[in-house]
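S.K.: Sequence and predicted structure, then a few things I'm wondering about:
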Number of protein chains: 2
Amino acid sequence: MAPAAVSAESSGTTTPTTKSASALTQAGIKHMRAGSSTQAPLDASLMTTELTKSPRAVPEPESPEVLAQKTCTDHMVTAKWTVESGWEAPELKPYGAFSIMPTASVLHYATECFEGLKLYRGNDRKLRLFRVSRNCERMRKSAARIALPDFDPRELEKLIKALCARDGAKWLPKDRPGFLYLRPTMIATDAALGVQRPKEALLYIILACFPDMSKSLGAPAPPALNGTVNGDGHAKPASSGLKLLASNEDSVRAWPGGFGFAKVGANYGPSLVAQGEARARGFDQVLWLFGSECYVTEAGASNFFVVWRNKETGRLELVTAPLEERIILEGVTRASVLQLAKQRLAKSIEGIEAVDVVEKRFVMDDIISAYKDGRLVEAFAAGTAFFIAPVGHIHFRGKEIQVPTEEGESGVYTRVIKQWLMDIMYGPEEHEWGVVVDEVA
Amino acid sequence: MAPAAVSAESSGTTTPTTKSASALTQAGIKHMRAGSSTQAPLDASLMTTELTKSPRAVPEPESPEVLAQKTCTDHMVTAKWTVESGWEAPELKPYGAFSIMPTASVLHYATECFEGLKLYRGNDRKLRLFRVSRNCERMRKSAARIALPDFDPRELEKLIKALCARDGAKWLPKDRPGFLYLRPTMIATDAALGVQRPKEALLYIILACFPDMSKSLGAPAPPALNGTVNGDGHAKPASSGLKLLASNEDSVRAWPGGFGFAKVGANYGPSLVAQGEARARGFDQVLWLFGSECYVTEAGASNFFVVWRNKETGRLELVTAPLEERIILEGVTRASVLQLAKQRLAKSIEGIEAVDVVEKRFVMDDIISAYKDGRLVEAFAAGTAFFIAPVGHIHFRGKEIQVPTEEGESGVYTRVIKQWLMDIMYGPEEHEWGVVVDEVA
């Protein structure tokens, strides 16, 4: 495939679209500016395969090995890139340690980006990915923001599927619905110590075993992860909803003109001190606020949703922060929640009142006001790691907000949206978002 | 040494001071909260030594090997840390690649920090470090900001000196004044994929060969580095001063409540796209502005100074951005420039007019106004990599500012301050900032 055919922008759809002349020209210019006319594109069809000679045992669910979050499957996919030659042939090979020079760019300048998604073993025994094309398109945007090389997201998707096909059958036994956590990652391996755009990079994809928190949350299948893992790295039972500690003014996650929208390492490491302090004080996650107005942005590394009754209209609203300022992550779960709610909650169903779906800026005072008026209905965090996690409590600078969880563990909207998503991820619902993966043997 | 004796804050002096009772208590509490009473402190006296069996040839100055910025000396120092046991015995050992797991925290969450300083071979054949204790104290602050483990900065200083002592004699020949670039680094090696405070880390110190740009700058000895390295990684001759491109509103380096003050990877990777665009347009570096007022903060990865005549007082001022908001790096060179100028330029000397030394917020309009009025005298970037680099040109959103360089390559204040610093770094001036390193054989 010629480099100019690499899609120049995310189409936002799940199928590749024909690029406009303008986009083609931009891609061409970008390609020329990269200083080479012989850069090979990422090409999944060139992938070589070397199977492990030391296959490992699959750990039991909830075993210490799984709780430690360090176990990956037998194989990984890697692809090297250099500014001179572009992408080398991808390799599917045994999972194991990398060799990296102490001067490597990624170890000094955070030239790294990643994606997080899950591979599901459905109740119908099928293997599925959820809207994987969106993750691949977002990874391309993240790579561009952190000066890492471009690639065709459809090729990344093929590589992800190849790894899932290879290891899925063994690591997600057909008789046991569950999931593995997929982590496509790109790092700058360039060993030149100067502060500059990296000239060498490594794309890799790994599949990790993660704990299933569904039982402790009382929900029907596999949900929350990082948000319900203790400071010591061990899973803990969730009580009635997440407890969030609102951030202080001296701790700001992202800023307009920064990189809060991108899944780059630089958004995560700097948040760990505040996260650690929150956990030491008995909270699950930080609720990240922005500005002196206290705009509500994200909960931990998830998007944040609130359901309240609008004071003026008297109608119920499902509200989340907008994307325009680019300070929050454009979550795949976020987009899916918004789309499902618009499609399925525009009218009342099964005795559940209709909601208006709104992306807008809102502040802590709005939540407090709704709480005091009895208009606060529920709240939840949404992301791949947390999945859909009900929020039960928010601490905001001396004020305590008890968020209603009408059904005990969860509010009704949190429950139905989560169930709709799970039906797509695990079956039985056949939906274009649930991408079935063919398995090797 | 007991952990409680680890200094709890930077004293700002070059010698360790006795800690206050309050600081000791804070360190004790912090230690207890780390969850272990048996964490070993970093202890340079435990360092083991394994010398290389494959010593390499020292590359010639200006050789392709040096220009590539990938060559380090024969040895490095490493020290492992775990949350269970604290710091293991440091090792001085042959330089070489690390083995790191694909799930390592540093590759995903930018849990990394570093320092940059130089080891100088003086005109008097002595080996010196410049204010190394400041770098060690700053590294401790950076580590705290990015959730990496604490250590006594005096122990880090001892490890740095041990590496310099071991490799200095060979890699900085006594008959050739010059420098090596020192890069103390800390990375989270924790292989658990969850977003959490890392439980394993690696501290390492490497010594790299870097190009000497002094001839092309026409200055008397070794100065600028990264700022005068092309996008292709090769050194290029500097013309009359750096050309700076002021950042646009959609590109913000750091913000209040963020981490701009810390030397963490998360400040560097996200700046590379803007830096690459600036270089593609023929500029050397980005002049980072902040806010709609366009406050002037940093130039590339250096601090920025301007000399102008105050409109009201008629007196000359040396001005740089203040540290209070914590959005700029607390540069060692910055602090040294301020101290020297206060000490030596308070009164006119050798026909050079006195300057007032001012740390305050200033905006692009202040520079433009001074330029239009003929009050702009000179400007320079100051940092370890750039050293003291005269600025010749600033492009600010369609406006061109030709910064005077009175003496051709540089202004007079830039020149005298640079010379004062070089006299301390390379001799002949004996000064407490120039720390002589004893060499092994």
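M.R.: Now that the structure is in, tell me what you want to look at. Numbering: from 1, shown residues only, chains lettered A, B, ... in the order given.

S.K.: could you point out which element follows the top helix by length along chain A?
M.R.: The longest helix of chain A (DSSP state H) is helix A:153-171. Toward the C-terminus, helix A:153-171 is succeeded by strand A:178-188 as the next helix or strand (DSSP states H and E).

S.K.: For chain A, which segments count as helices?
M.R.: Going by DSSP H, chain A shows helices at A:21-33, A:64-67, A:105-109, A:132-145, A:153-171, A:214-217, A:272-280, A:332-344, A:364-373, A:412-426.

S.K.: Out of those, which gets nearest to B:Leu182?
M.R.: B:Leu182 lies closest to helix A:105-109 among these, at 13.0 Å (Cβ to Cβ). (Each C-beta comes from the backbone N, C-alpha and C, glycine too.)

S.K.: so what does that closest one touch, helix or strand wise?
M.R.: strand A:178-188, helix B:105-109, strand B:112-114, strand B:178-188 (3 or more Cβ pairs under 8 Å, 6 or more residues apart in numbering or on different chains; DSSP states H and E).

S.K.: Tell me which of those sits most buried.
M.R.: helix B:105-109 (a mean of 29; mean count of other Cβ atoms under 10 Å in any protein chain shown).

S.K.: Show residues contacting it.
M.R.: The contact list for helix B:105-109, computed with Cβ atoms under 8 Å, 6 or more residues apart in numbering or on different chains, reads A:106-107, A:112, A:114, A:183, A:185, A:187, A:265, A:268-269, A:272, B:100, B:111-112, B:187-193, B:195, B:198.

S.K.: please redo it, this time with the cut-off set to 7 Å
M.R.: With contact meaning Cβ atoms under 7 Å, 6 or more residues apart in numbering or on different chains, helix B:105-109 is reached by A:106-107, A:112, A:114, A:185, A:187, A:265, A:268-269, B:111-112, B:187-190, B:195, B:198.

S.K.: right, and the helices of chain A - which one's nearest B:Leu159?
M.R.: Between the helices of chain A, helix A:105-109 lies closest to B:Leu159; by Cβ to Cβ that is 17.9 Å.

S.K.: Contact residues of the stretch 301-441 of chain A facing chain B?
M.R.: A:Ala301 (Cβ under 7 Å from any Cβ of the partner chain).

S.K.: Residue ranges in the stretch 301-441 of chain A under the pLDDT threshold?
M.R.: A:441 (pLDDT under 70).

S.K.: Spell out which parts of the stretch 1-150 of chain A neighbour chain B.
M.R.: A:33, A:68-70, A:72, A:76, A:97-103, A:106-112, A:114, A:145-147.

S.K.: give me that answer again for 6 Å
M.R.: A:69-70, A:97-102, A:107-112, A:114, A:146-147 (Cβ under 6 Å from any Cβ of the partner chain).

S.K.: Now which of these would you call buried?
M.R.: A:69-70, A:98, A:100-102, A:107-112, A:114, A:146-147 (16 or more other Cβ atoms under 10 Å in any protein chain shown).

S.K.: Show me which of those is closest to A:Cys164.
M.R.: For those, the nearest to A:Cys164 is A:Phe114 (16.8 Å; Cβ to Cβ).

S.K.: what bridges to the closest one?
M.R.: A:Thr185 (DSSP bridges).

S.K.: Contact partners for it?
M.R.: A:185, A:263, B:108 (Cβ atoms under 6 Å, 6 or more residues apart in numbering or on different chains).

S.K.: thought the first one was touching A:Tyr204?
M.R.: Yes. The pair formed by A:Thr185 and A:Tyr204 meets the contact definition of Cβ atoms under 6 Å, at 5.4 Å.

S.K.: What is the neighbour count of A:Ser271?
M.R.: 24 (other Cβ atoms under 10 Å in any protein chain shown).

S.K.: mind listing what it touches?
M.R.: Applying Cβ under 6 Å, 6+ apart, the residues near A:Ser271 are A:Arg253.

S.K.: Kindly tell me how buried the spatially closest residue to A:Asp373 that is not a sequence neighbour is, as a neighbour count.
M.R.: Of all residues not flanking A:Asp373 in the chain, A:Lys311 sits nearest, at 7.0 Å (Cβ to Cβ, 6 or more residues apart in numbering or on different chains). By other Cβ under 10 Å, 11 other residues sit near A:Lys311.

S.K.: for A:Lys311, phi and psi?
M.R.: phi -60, psi -40 (degrees, to the nearest 10).

S.K.: What does the pLDDT read for the residue in the stretch 1-150 of chain A that chain B sits nearest to?
M.R.: When scored by Cβ to the nearest Cβ, the stretch 1-150 of chain A has A:Ala110 as its residue closest to chain B, at 3.3 Å. On the pLDDT scale, A:Ala110 is placed at 98.

S.K.: residue contacts, the closest residue to it other than its chain neighbours?
M.R.: Nearest non-adjacent residue to A:Ala110, counting by Cβ to Cβ, 6+ apart: B:Gly265, 3.3 Å away. Each residue near B:Gly265 by Cβ under 6 Å, 6+ apart is listed here: A:108-110, B:110, B:112.

S.K.: Pull the most distant pair out of the residues you listed.
M.R.: Of all pairs in those, the most separated under Cβ to Cβ is A:His108 and B:Ala110 at 10.2 Å.

S.K.: what's around A:Ser45, how many residues?
M.R.: When neighbours are counted by other Cβ under 10 Å, A:Ser45 registers 9.

S.K.: and it, what is it in contact with?
M.R.: A:Ser45 neighbours (Cβ under 6 Å, 6+ apart): none.

S.K.: what's the answer for the one 3 residues further on, then?
M.R.: With contacts defined as Cβ under 6 Å, 6+ apart, A:Thr48 is in contact with A:89, A:91.

S.K.: bridging residues for it?
M.R.: In beta-bridge terms (that is, DSSP bridges), A:Thr48 pairs with A:Glu91.
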